[in-house]
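Sharing a sequence plus its predicted fold:
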Amino acid sequence: MLVVKDVSKRYGDFTALQQINLEFNTGLYGLLAPNGAGKTTLIKMLATLIAPSEGEIYYNGKNIIDMDEQYRELLGFLPQQFGYYKNYSPKQYMLYLAALKGIGKKEALKKIDDLLEKVALGDVVNKKMKKFSGGMIQRVGIAQALLNDPKILILDEPTAGLDPKERARFRHLLTELARDRLVIISTHIVSDIESIANEIIMIKNKQLLYKDSVEDICSTLRGNVFETTIDFDLLEAFRKKYVLLSEKQEYGKMIVRFIHKGVPEAGWKPVAPQLEDVFLYEYRDEIEGEV
Amino acid sequence: MMSIILHECKKALTSPILIGLLVVFSAFNLFVIISSSDHKAELKIINEIIETYGLKITDDSLDEFNSNVQLDVAELNRMTASEFTSVYEFLDGLSFENQEKYSDEQWEFIHRLQLKEMYLNMAKSIDESYEGIDIRKLAAGEIEKYGLSGKAAETFLNENEKFFERFKEMVSNGEHKQWFFAGKAYYMHTFLFKTIFLQIIIESLLLIILTTALITTYEFENKTHLVAYSTKRGRKLMKNKLLSALAIAAVIVVFLFAITLGTFFTVFDYSHVWQTSISSAFNWEYNFPYIAWWDLSVGTFLIGVIALVFVVLLLFSGLTFALSVTVKNSYITFFLVAALFVLLWLLPSFMPKSANLLFVSAYTLPTLLLAVSSSFMGSSGLILFENFEWMTVSCWTVITIVVCYMSYKRFIKIDIS
């Protein structure tokens, strides 16, 4: 369906992505990587906003740049920073975007009402967006991406600004949407996609690291994730020795979750690896760098 | 497509700054016209003269006019019990105390007679004044004034020779012998085509540059570019933005022209002078009369200048579009276009005075706009060329289309981040 073939992107001397090969079919794909890993670059290429320096992206065998309007007609896109006109209402703004998407006004008005209802903004359709919270704006962004009933839905960090209740509602909406279309979600929040993604794509050092199901990716750490209880005083030394995934204080002691590849010590409890564990393990340098 | 253009136009039409400026500019124009209208009643006399004696000044019509003025002078003599040969004689000898001897109606009569005599004397002196015009001598003076030499001087003299022919043709056609408002008394040509037109031009330019830059850069400045340019329409949206910018530019120009010229022609009665030649001897305000390359009436000249200004302002909208597609910031675009305008206007001053490049460098839109009162005239200094207007507009239309096309093609390919 959608194929990314040998794609690299360079900005002068800086390489953002190198030799990426991917294949997407119907279903939900989670693009998981820390900030700055190149997720947005890949997504912008899929949205034809930027062109690959090398390689090509095909949809049903045709280059998406050559397909031009034919490709973007099938596309719904929510960028990481969703811009909007502050003095417009969601309805006015979506009417403009509907015109850009080639949807007639009559049809658009009906769709806009339905979609705004779907993202729980039915009671503010005519309110100016400058009064909206971050979560409300994000929901307008999700609604506009669905305006043209896209075959390919690309959402870059869609849950930013959403509260837990809205996130849950959003996950439910995505599962429903991914039944008959391709949905790609880029995020650095594992819980957003862990339970709903058919496949997870991870990018590391500008290259593709994993493109697999959650189970298969987790299995790469099978037998290497442990939990144990240690004294608080020993925590610093433990941190230096092992890759710590999480730590929790309980009754004056520390319960730590960590990775160890080798023979486990007595008292360590082996646990089933989670996607979060793989994420923290693989990006340990970048994450520490970010902190 | 149409609905996208309307959406884009709405962005400009709902901008408070632009609407505010449009209102302020219109009010300012009305203020200038009304505050300069103290002589509007006097101007009406020319309509009466044309109605009575016809548009063209012939020997017969002038004799008739003269006879009627003499009758009025006789009436003045009866009124004053004196023997004046002219109303000016009466006015020169009038003492302050004697002014109150006459009623308002009598003063009205005296003022009208004064105006009639002024026009009559001017008409009588046309032949003498035009015999005194030596086009070649004037050209030599111009060459000295601008310091022209070599090829430049040669080109200037050649064009001037053509103008000399046109001058002779104009005189033999009698284009100059047609009634118009007295130039040296009222400066109506300068007031309309310099003061008022320049106001409209500068105001329109400001608004057009701002609206064009606003529409073109709107998505980037509101950070909606990633959404807008990834829709089906994609980067082709820029085409709609160009059309919208041109439509808004046209609306701005039409609005300012309509409100300003509408007021102007309501205040000043031009009803009888539309057919008068723009090269009329009365349209002589400074050292040299306005003499057009063609036999143009005041009405045709006005339409021509409006059309010229309209097209040039649309070209500025196009140039602003080309620049803002690249710059993506409306304020930087505004200052760049302003700088470009000044630079192009000053261009001839950087050129050698001995080469034809001097004239070529004056074929620019700013020069054309700022010298709009001398459009189509052979009496316009270094831009006297017969082909100046159409050549400048044609060349800059091509330049504008090329730069718009190039910047659009570039935009189609560049990354949007």
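Right, received. Where do you want to start? Residues are numbered from 1 along each chain as shown, chains lettered A, B, ... in the order given.

give me the element the residue nearest to the spatial centre of chain A is part of.
With distances taken as Cα atoms, centre = their mean, residue A:186 lies nearest the centre of chain A, 2.0 Å away. In this structure, residue A:186 is located in strand A:182-187 according to DSSP states H and E.

Give the other helices and strands that that strand contacts.
Secondary-structure packing of strand A:182-187 (3 or more Cβ pairs under 8 Å, 6 or more residues apart in numbering or on different chains; DSSP states H and E): strand A:27-32, helix A:39-46, strand A:152-156, helix A:164-177, helix A:190-193. Where you see a C-beta, it was placed from the backbone N, CA and C, and this is true even at glycine.

just for the chain, where's the confidence low?
You didn't pick a chain, so chain A it is. A:286-291 (pLDDT under 70).

think we crossed wires, I meant chain B
Ranges of chain B meeting pLDDT under 70: B:1.

quick one: contacts for the closest residue to chain A within the stretch 301-417 of chain B?
Proximity to chain A, evaluated over the stretch 301-417 of chain B using Cβ to the nearest Cβ, is greatest for residue B:415 at 3.9 Å. The contact partners of residue B:415, taken as Cβ atoms under 8 Å, 6 or more residues apart in numbering or on different chains, are A:44, A:49-51.

swap the cut-off to 10 Å and go again
Residues in contact with residue B:415 (Cβ atoms under 10 Å, 6 or more residues apart in numbering or on different chains) are A:9, A:11, A:41, A:44-45, A:49-51, A:53.

so is it in a helix, a strand, or just coil?
Assigned with DSSP: H, G, I helix; E, B strand; the rest coil, residue B:415 falls in the coil class.

Check the spacing between it and residue A:10 real quick.
11 Å (Cβ to Cβ, to the nearest Å).

For residue A:268, give me its contacts.
By Cβ under 10 Å, 6+ apart, the neighbours of residue A:268 are A:225-229, A:256, A:258, A:260.

tally of neighbours for the residue nearest to residue A:213 when sequence neighbours are not counted?
Nearest non-adjacent residue to residue A:213, counting by Cβ to Cβ, 6 or more residues apart in numbering or on different chains: residue A:199, 5.8 Å away. Burial measure for residue A:199: 21 neighbouring residues, criterion other Cβ atoms under 10 Å in any protein chain shown.

ok, back up a step: now do the shared contacts for residue B:415 and residue A:10.
Residues touching both residue B:415 and residue A:10 (Cβ under 10 Å, 6+ apart) are residue A:53.

The residue in chain A that chain B sits nearest to: what secondary structure?
Ranked by Cβ to the nearest Cβ, the top residue of chain A for proximity to chain B is residue A:83, at 3.3 Å. With three-state DSSP as the basis, the three-state label of residue A:83 is coil.

need the contact list for it.
Counting by Cβ under 10 Å, 6+ apart, residue A:83 has contacts A:93, A:137, A:141, B:219-228.

Quick check: it vs residue A:69, distance?
From residue A:83 to residue A:69 the distance is 22 Å (Cβ to Cβ).

Also residue A:175?
Residue A:175 is 30 Å from residue A:69, by Cβ to Cβ.

Quick check: buried residues in the host helix or strand of residue A:115?
For residue A:115, the host element (DSSP H and E) is helix A:105-118. Neighbour counts over helix A:105-118 (16 or more other Cβ atoms under 10 Å in any protein chain shown) mark A:108, A:111-112, A:115-116, A:118 as buried.

Show me where the stretch 1-150 of chain A has its strands.
Per DSSP state E, counting those that start in this stretch, the stretch 1-150 of chain A carries strands over the ranges A:2-11, A:14-24, A:27-32, A:54-59, A:62-63, A:75-78.

And for chain B?
Assigned by DSSP state E, chain B shows no strands.

Could you list the residues of it in contact with chain A?
B:1-8, B:10-11, B:14, B:16, B:218-237, B:240, B:412-417 (Cβ under 10 Å from any Cβ of the partner chain).

and those, which are buried?
Buried among the residues of chain B next to chain A (16+ other Cβ under 10 Å): B:3-5, B:7-8, B:10-11, B:218-222, B:224-237, B:240, B:416.

For residue A:227, see how far away residue A:240 is.
Distance from residue A:240 to residue A:227, by Cβ to Cβ: 18 Å.

Show the backbone phi and psi for the residue in chain B that chain A sits nearest to.
Closest contact between chain B and chain A, by Cβ to the nearest Cβ, is at residue B:223 (3.3 Å). Main-chain torsions, residue B:223, degrees, to the nearest 10: phi 60, psi 30.

Tell me how far it lies from residue B:212.
For residue B:223, the distance to residue B:212 equals 20 Å [Cβ to Cβ].
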